[in-house]
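Asks: Build the 3D model from these lines:
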Amino acid sequence: MKDRHLDQLLLCSIYIISKITKETHTFQDIMKCYRSQPQANSHVYRSVLLRRTPREQVADENMEVDPVSGGECKLSQTSAEKTNQHLGDLNCSQSGGEEERGDLIQFYNTVYVLKMKSFALRYATSDNRVRSCRYLSPR
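Replies: Numbers count the residues shown, from 1 in each chain. Next up is the predicted model:
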């Protein structure tokens, strides 16, 4: 759930709990309510991070790869470069790889429900628990 907008996670949470508790809220209803909020932005539900694939890291004379930290970028600490450390850190995080993006429903189906299903089922009543597994996907 890292690098996701909080609103994306909340919208998916509302939907999964409504499915488990047999409430009659559709994903479209939830999105309609979200769009009426003052903080709503269309990129939150239209451009959702689905997957990030790390790009092969190329080190130059100013950068070194720290094998202990799993290949994280780190700047050399010469006195001239200390002032640029923050910029170098930003470059490392921004050039971290290729991103696959989709809409919020794609995120829900391919990422969210797979990771949260077992947690969400804890909130189902015992008679609904078996049936809820089948109905977690948006229709």
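Asks: Poorly predicted segments of this structure, please.
Replies: Filtered on pLDDT under 70, the chain yields the residue ranges 56-96, 125-139.
Asks: got the residue ranges for the strands in it?
Replies: Taking DSSP state E as the criterion, the chain carries its strands at 48-54, 63-66, 72-75, 97-102.
Asks: same for the longest one, what does it pack against?
Replies: Yep, that's strand 48-54 we're talking about. On a contact count with 3 or more CB pairs under 8 Å, 6 or more residues apart in numbering; DSSP states H and E, strand 48-54 meets strand 97-102, helix 104-107. No exception for glycine: its C-beta is placed from N, CA and C like everyone else's.
Asks: I'd like these written out as TSV, with distance to residue 31 added.
Replies: Shown next, in TSV, are the helices and strands packed on strand 48-54 (distance: least, CB to CB, whole Å):
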stretch	distance to residue 31
strand 97-102	15
helix 104-107	7
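Asks: Buried deepest among these, which one?
Replies: Across those, averaging neighbours per residue (mean count of other CB atoms under 10 Å) puts helix 104-107 on top, at a mean of 20.
Asks: list the helices and strands that helix packs on?
Replies: Here helix 104-107 touches helix 6-20, helix 27-35, helix 42-46, strand 48-54, going by 3+ CB pairs under 8 Å, 6+ apart.
Asks: closest to residue 17 out of the helices and strands packed on strand 48-54?
Replies: When these are compared for distance to residue 17 using CB to CB, the nearest one is helix 104-107, at 15.8 Å.
Asks: number of nearby residues for the closest residue to residue 99 other than its chain neighbours?
Replies: What sits nearest to residue 99 in space, not counting adjacent residues and going by CB to CB, 6 or more residues apart in numbering, is residue 52, at 5.2 Å. Number of residues near residue 52 (other CB atoms under 10 Å) recorded here: 14.
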